[in-house]
Each structure stands twice: as C-alpha cells, then as structure tokens.
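Student: here you go, sequence then predicted model.
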Amino acid sequence: MVKSEQLIDELPRLAAVRLGDTSDGTGREGAGCGVSLPDELLERVASAIAHRLHELTEDGKLVTPRYVGAEGAAEYLTIPLKRVYNKTAAKEMPHRKDGNRLMFDLRELDDWFESLDGVRLRASG
C-alpha cells in the first residue's frame, strides 16, 4: 500500500507537469491538452490534495471502513443490492443486524467470497 508521505512527496513533481505541456514525458509531441494553469492554482490544488490525503490516512496508510451497510456491501462486491438482500435472507452471506439494519464486515465478505471457489454468486438472486 502506498504511504501518504510518498504521495505527498510526489505532489510537487506531479504539479510541475503542466497541462499545457505538449509532451507526455516520452518525447512525443501532442499528448498535452493545451490548457495552461497558473503556478499559484497548481500549488493550491496540490496543497488541497495533500491535505485531503492526510485526512484519509492513519499511520501513513489509507483508511477503509471495516463495516458497511447493505449498499456498501453491494458496491464492494459489485453486485446488485437485491442480491445482497436475497443472500442474507437465505443466510448465505455473512452479516449482522443492528436493529433492522444489515451490517457487513468487509474482512468477512472477503473470506466468504474467496470460499465460493467455483460457485456462482448469481445462483440465488
């Protein structure tokens, strides 16, 4: 995983690549988009990105939530929300309930998905 310090250290170099540059860094001409931005704007964008990356990191690592709702589980697994509901109703997918709300541990979803080995996720919904 890329540490935030590495990303932040790269920002000045990335900001130095101007959008108006007609080279893509390989010596070929014509790869740029022909738009030029002032240095001050580029510095502000780089600073805002660095600040946001710092907010999203913990000990230099990007933070991902461990628990998600049904919508998050569907997005994480790239399956329809209805399939998540069908799989949980059939007790085929690991989950917990918080009142009426379904909660999913992403680590458990990873383990569950890897255990399917050859089983079609679409099989029952």
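Tutor: Arrived safely.
Student: mind giving me the domain ranges of this structure?
Tutor: Residue ranges for the domains of the chain, per automatic domain parsing: 4-62, 67-115.
Student: ends of the last one, what's the gap?
Tutor: Between the start and the finish of domain 67-115 there is a gap of 20 Å, counting by C-alpha to C-alpha, to the nearest Å.
Student: can you give me the helices for the protein?
Tutor: With helices called from DSSP state H, the chain shows them at 4-16, 39-55, 70-77, 81-89, 106-115.
Student: tell me the angle of the last one relative to helix 70-77?
Tutor: Same thing as helix 106-115. Angle of helix 106-115 versus helix 70-77, following axes from the mean of the first three to the mean of the last three C-alpha atoms, to 10 degrees, is 50 degrees.
Student: kindly report the same for the second one.
Tutor: Counting by the same axes, to 10 degrees, helix 39-55 lies at 110 degrees to helix 70-77.
Student: can you list the low-confidence ranges for the chain?
Tutor: Judged against pLDDT under 70, the low-scoring parts of the chain cover residues 1-35, 58-63, 118-125.
Student: which strand is the longest one in it?
Tutor: Taking DSSP state E as the criterion, the chain has its longest strand at strand 101-105.
Student: what does that one rub up against?
Tutor: By C-beta atoms under 8 Å, 6 or more residues apart in numbering, the residues outside strand 101-105 that reach it are 66-70, 72-73, 76, 84-85, 88, 93-97. The way it works is simple: take the backbone N, C-alpha and C, and place the C-beta from them, glycine included.
Student: alpha carbons of it, as PDB, please.
Tutor: The C-alpha trace of strand 101-105 is given here as PDB (Å, rounded to 0.1, in the frame of the first residue of the first chain):
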ATOM      1  CA  ARG A 101     -30.100  -2.500   9.600                       C
ATOM      2  CA  LEU A 102     -27.900  -5.100   8.000                       C
ATOM      3  CA  MET A 103     -24.100  -4.600   8.700                       C
ATOM      4  CA  PHE A 104     -21.300  -6.400   6.900                       C
ATOM      5  CA  ASP A 105     -17.600  -6.800   7.900                       C
END
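Student: strands paired with it, and their directions?
Tutor: Taking DSSP bridges as the criterion, strand 101-105 sits next to strand 67-68 (antiparallel), strand 96-98 (antiparallel) in its sheet.
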